[in-house]
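Engineer: give me a 3D structure for the following:
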Amino acid sequence: MVKPHETTQESAAILPDTQLKAVDLVANSDGLNEQARLVTPSIDLTDVATTLPPEYKSIEGYRASTIRSAIYGLLCIISAAPYSNRTCTDILLGTGGYCVEMSLRWFEFKKQRYIYWKQSRSFERVPAILVESGSSALKRLKTGLSMSVVSERRAVYGWNVMELEAKHFLRLLLEKIFHPFYLFQLISVALWLYEVYTTYALAVLFMSMGSVLYEVVTQATNTAQLEQLVACHVHVTVRRDGTTIVITSEDIIVGDIVLIEEQIVPADMVILTGECMADEASLTGEAIPVTKQHISDPSQSIKDCAKNALLYSGSIVLRAKGEVWAVVTRTGFSTKKGELFRQILHPETPPFQIVSDSYRYLVALSIVAGLTSLLRIYDARPLDFSLCFNFDHHSSSIAYDPHVGVGFSLKRLRKERIICIDAQKINIAGHLNCFCFDKTGTLTSEHLFFHGVDPCDGSEITSQPTSQDLDYALASCHGLSVVDGVVTGYALERDMFASTEYMLNASHEILKNNQVVLRYCHRFPFDAALQRSSVVVQAINETGNYRVFVKGSPEAMTEICESASLPSNFECRVEQYASQGYYCMGLATKVVTTDATTTDRAQMESNVKFLGFLLFVNPVKPESSQVIQTLESADIDVRIITGDNALTAMHVARQISMRLSTSMVYVDLVSDGSPSYQLLPSSTSWLPAGDLSKLLAMDYDLTISGSALEFVKQSSSMDLTNKLVLKTKIFARIKPQLKTWIVQTLMDSGLCVGMTGDGTNDCGALKAAHVGLALSDAEASIVAPFTSRDKAIQDVVTLIREGRCALTTSLLSFKFMIMYPMIDTVLVSFINHVEATFTSSQVSPDQSYDSRATPPAQKLSKSVPPTSLFAPSILWGVGGQFLCFTLFFWATLSMAEREPWFCPLPAIASGKLHCYKFHPNEKEGMTAHSYESNITWLIGHWQYIILAIAFNMKDSFRESAWRNRPFVWYTLALAVLMCVILVFPGCPIAVHLFDLEAPLPSGFCWRVAGLCVVNLASAMGIELVVKKLSTNNSLSSGARRAKKMQC
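Structural biologist: Numbering: from 1, shown residues only. So this is what the prediction gives:
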């Protein structure tokens, strides 16, 4: 029971729920009386992150019924025990001078807490996220939270911990043993032991237990490693009830006012006062320490604050300037770091058609099992024998996993320094037919290099301007800092600053010839939405005046500069520089008096005087051209989505030899706010776009600006907008939110979309895409399922190759696992029908595991692996191989029956013939010593070897099986063994090791060997034909897709 609080401090909403009215207790001006005001939130207080799966948002349908709630809890326990905690907490809320007691019922599911709300009669997710304005948090700066509010929030949100709930070894072992597959194997082993298949049963038992132990040890090791990564045990200084106290990081609660110290940040926080420098490499991959400053606009909601004011949980504060206070915004698994590890622990399972198809095959095999059981009954076999038969010959198909090829691909990706936190997406990478690239830092170099400044006064571009304003602007308009005597910050700004004769010290003073020239008063960091940054400085030789310098995109400059200061050919200059590949930015300034200084960004950045253009070069990466050509030669559609200028993007696209039409249509908004287009490079005049359907009919590729795309979104139909997106090859001046929308639109159009970027402004798009690859040196990025630690764009090709290889390996394993029980069923049904059987020593080899290690093909082909297990290539392949096996098995039996030495088993059993010694009633009245058993065993084992060779022939997605040494040596050893048994019938190996006590004549064995060679050639021929047909079908599908995109 949480006691009602009697303090005068503020308490923010403790039950963030869109369907209820949140109670917000606020202190009045004199701080003596407490008044409650009822607030109906206008925003979603649950603040559900867009990256979370839908089940996190709410659990509906469980009305005020104890029975339904209990059933739901039981189902949760059965399905991997997510119902880890459920409690009743009585909590008191003050509302208008009286208290309302609320009984909270909650449980945790996938590391998220759900609370039952009686009014909505449903469980609602309550993330530990602060919903509060900056000004409200600043009011609590000196007092912090009251202890009663801390207790209330603790009851709702829990502790600031990320517990992974490491399971005991015995529990892990039992969970694995009771997995459906291993449980099925245990039942099979028990039946085999009952049927005295001792050798085979023990072999399967030892292999299964070894597999179980390996999986348990691996899982325990991985959990221990994850625990080390999430562990954070530090002490922090907070303010509560007006007192500064030291607590452990676990005791932090949402809304706490915390003193930032030089240590690991234990929760997500927003800086309220001061500034610091943080290392975020472990989360975002940003190798350069980032300067974090206090919020610039207190009127904004805390969750809308700029990224430069946000400290991520898990980042390390390297230096704090003075006293830096921050408010805790997220705790536990609600932090960005928590999201990353929750995604690792509970990856979102993407829809995968092959998974559902595999169950359909199992149903078909179950029908076959039923028919074979009827045949057993017809042959007067006991029921227990029929049951054992079906468990024996269909157990391998149960073992099929649609992701069997992922494990080896995952290991190879790790060797290539590609980190994966969602292994299931490796298979999806095999289906990619569209890939989107960010430009800066992805296709081009990570850094921009300073080229010079154009003062727009008729003089040439120079890196040493004569104007004092330009000189001061280059020296001061940046976000650089000094750490341990080294200037740190973005490379672009470091290169610009290095071109000047100035120096920067740790006190944020700019020096020239060891004399202080400028002193910083305030910095407004770069804002992606505003597309600009600015600083306020004071010249030492000027008293009473301050200078404001603004740096930003040309479009942003036109919005804030005095029109008289802009050159008459402003737009022409911008287009000229952009078409030459320069990264162009504007510089502007103004002078303000002491009385005019303010922290209001909009006021400081208004009515400024334009100074000139900053020019940077961003060279294309040497490998970019090869990567793009490789993808396009494989019929993978390539798009560029960038925040840069359209002309610059087109220049880069031409440099990397991107497949584009000779002329391109560039769509943008003109001065009157309507979309117009240019046909580049032949024309520079703007023409009204008019009816966009006519624009789509043009035989040109499109480039569109973000503003034009936003206009089309709002004014045109969804169908027309989607067609425009499909036809567009280059998206320019795109803001982060629009990047995400473009990727989602491409996905909704039926494309399997990949996205790569450096993870700064691409977070939403990287997460939204089917496959996202972040170019980051972090161990695991919070922005994408795949991370290239080498920041190499060629890893895009590596990822697709591995995806196709993994998918093909899974399909080949499936074909083998389907053929295995089908062949076994035919063989055993035949010999049982003639009153024969196999002994426990006559086991069948399994080459499916070794075959999975074959590496991917070095070249991307135009064809793609099938997307369904019912694809023609799969059906024709399985059907053709089964028909081939049946024909050669029938041919061998027919050839034997025509031989004068052949004695049918029924004739021997009845005493009519005496070709060899008969061993009756060995088991269930059947014998294992017969010509039929020998022939069937030989043909069956050769068939497994033949299929392993045929299925592992080189194709478009995997290298030759010769590159897979374990498979080659294992297959060769089996082939040699089978040759010895076949060519030397009656040898000790055949008689004593495999119980083949009815040797076949040598001449007949040589003819069987010839049939096996023909069988191998036929099987390989079938695979070649099927692969050729599937390749042609895949190419025609790609052509249809390309035609659809042009329509």
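Engineer: burial of residue 107, as a residue count?
Structural biologist: 21 (other CB atoms under 10 Å). Any C-beta I mention is one placed from the backbone N, CA and C, and that applies to glycine too.
Engineer: that's a strand at it, yeah?
Structural biologist: Yes - Residue 107 forms part of a strand when assessed by DSSP: H, G, I helix; E, B strand; the rest coil.
Engineer: all helices of the stretch 151-300 of the chain, in order?
Structural biologist: Ranges of helices in the stretch 151-300 of the chain, per DSSP state H, counting those that start in this stretch, are 169-177, 180-194, 198-230, 281-284.
Engineer: distance of residue 873 relative to residue 944?
Structural biologist: According to CB to CB, to the nearest Å, residue 873 stands 21 Å off from residue 944.
Engineer: again, but for residue 880
Structural biologist: For residue 880 relative to residue 944 (CB to CB), the value is 17 Å.
Engineer: residue 267 contacts residue 159, doesn't it?
Structural biologist: No - Residue 267 lies out of contact with residue 159 (CB atoms under 8 Å); the separation is 11.1 Å.
Engineer: residue 634 is in contact with residue 862, isn't it?
Structural biologist: Yes - between residue 634 and residue 862 there is a contact under CB under 8 Å: 5.6 Å.
Engineer: so between those two, which is more surrounded?
Structural biologist: Here residue 634 and residue 862 are compared on neighbour count by other CB under 10 Å; more neighbours surround residue 634, at 21 against 14.
Engineer: which helix or strand contains residue 745?
Structural biologist: Taking DSSP states H and E as the definition, residue 745 sits inside helix 736-748.
Engineer: just the buried residues of that helix, please?
Structural biologist: 738-746 (16 or more other CB atoms under 10 Å).
Engineer: export those residues as CSV, with columns for pLDDT.
Structural biologist: Output for the buried residues of helix 736-748, formatted as CSV (pLDDT from 0 to 100):
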residue, pLDDT
738, 86
739, 87
740, 84
741, 90
742, 93
743, 91
744, 88
745, 92
746, 93
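Engineer: re the thing from before, more neighbours: residue 267 and residue 159, which one.
Structural biologist: Using other CB under 10 Å as the criterion, residue 267 and residue 159 rank with residue 267 on top: 28 against 16.
Engineer: on that earlier part again, columns distance to residue 629 on top of the buried residues of helix 736-748, output as a markdown table?
Structural biologist: Output for the buried residues of helix 736-748, formatted as a markdown table (distance: CB to CB, whole Å):
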| residue | distance to residue 629 |
| --- | --- |
| 738 | 28 |
| 739 | 24 |
| 740 | 28 |
| 741 | 28 |
| 742 | 23 |
| 743 | 23 |
| 744 | 27 |
| 745 | 26 |
| 746 | 21 |
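Engineer: returning to what we had before: show me how far the helix holding residue 745 is from its chain's centre.
Structural biologist: 16 Å (CA atoms, centre = their mean, to the nearest Å).
Engineer: export that helix as CSV, just CAs?
Structural biologist: The C-alpha trace of helix 736-748 is given here as CSV (Å, rounded to 0.1, in the frame of the first residue of the first chain):
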residue,chain,number,x,y,z
PRO,A,736,14.4,11.4,-41.4
GLN,A,737,10.6,10.8,-41.0
LEU,A,738,10.1,10.9,-44.8
LYS,A,739,12.9,8.4,-45.3
THR,A,740,11.0,5.9,-43.2
TRP,A,741,7.8,6.6,-45.1
ILE,A,742,9.5,6.0,-48.5
VAL,A,743,10.9,2.7,-47.3
GLN,A,744,7.5,1.6,-46.0
THR,A,745,5.8,2.7,-49.3
LEU,A,746,8.3,0.6,-51.3
MET,A,747,7.6,-2.4,-49.0
ASP,A,748,3.8,-1.9,-49.3
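Engineer: when you give positions from now on, start the count at 7
Structural biologist: New numbering, starting at 7: the last item is helix 742-754.
Engineer: of residue 886 and residue 950, who's got more company?
Structural biologist: Neighbours per residue (other CB under 10 Å) separate residue 886 from residue 950, with residue 950 holding more: 23 against 17.
Engineer: if I look at residue 520, how far off is residue 480?
Structural biologist: Residue 520 sits 19 Å away from residue 480, going by CB to CB.
Engineer: and the two? Which one has more around it.
Structural biologist: Neighbours per residue (other CB under 10 Å) separate residue 520 from residue 480, with residue 480 holding more: 25 against 7.
Engineer: how about that one, secondary structure?
Structural biologist: Reduced to three states by three-state DSSP, residue 480 is helix.
Engineer: touching, it and residue 473? I think so.
Structural biologist: No - Residue 480 is beyond contact range of residue 473, at 10.2 Å (criterion: CB under 8 Å).
Engineer: thought residue 715 was touching residue 737?
Structural biologist: Yes - contact between residue 715 and residue 737 holds when scored by CB under 8 Å: they sit 7.0 Å apart.
Engineer: which residues outside the helix holding residue 751 are in contact with it?
Structural biologist: By CB atoms under 8 Å, 6 or more residues apart in numbering, the residues outside helix 742-754 that reach it are 56, 440, 442, 534, 645, 647, 712, 715-716, 719, 727-728, 731-732, 737, 740, 759, 761, 767-771, 773-776.
Engineer: hmm, which of the residues you listed are the buried ones?
Structural biologist: 440, 442, 645, 647, 712, 715, 727, 731-732, 737, 740, 759, 761, 767-771, 773-776.
Engineer: just those: which are in strands?
Structural biologist: Secondary structure from DSSP state E places 440, 442, 645, 647, 737, 759, 761 of these in strands.
Engineer: relative to residue 373, which of those is nearest.
Structural biologist: residue 759 (38.3 Å; CB to CB).
Engineer: in the sheet, who's paired with the closest one?
Structural biologist: residue 440 (DSSP bridges).
Engineer: lowest-pLDDT helix or strand in the chain?
Structural biologist: strand 40-45 (a mean of 26; mean pLDDT, DSSP states H and E).
Engineer: pick out the residue closest to the middle of the chain.
Structural biologist: residue 791 (2.5 Å; CA atoms, centre = their mean).
Engineer: what's the distance between that residue and residue 819?
Structural biologist: 23 Å.
Engineer: all strands for the stretch 57-206 of the chain, in order.
Structural biologist: 64-65, 92-101, 104-115, 118-123, 128-131 (DSSP state E, counting those that start in this stretch).
Engineer: strands paired with the fourth one, and their directions?
Structural biologist: Read it as strand 118-123. Here, using DSSP bridges, strand 118-123 pairs with strand 104-115 (antiparallel), strand 128-131 (antiparallel).
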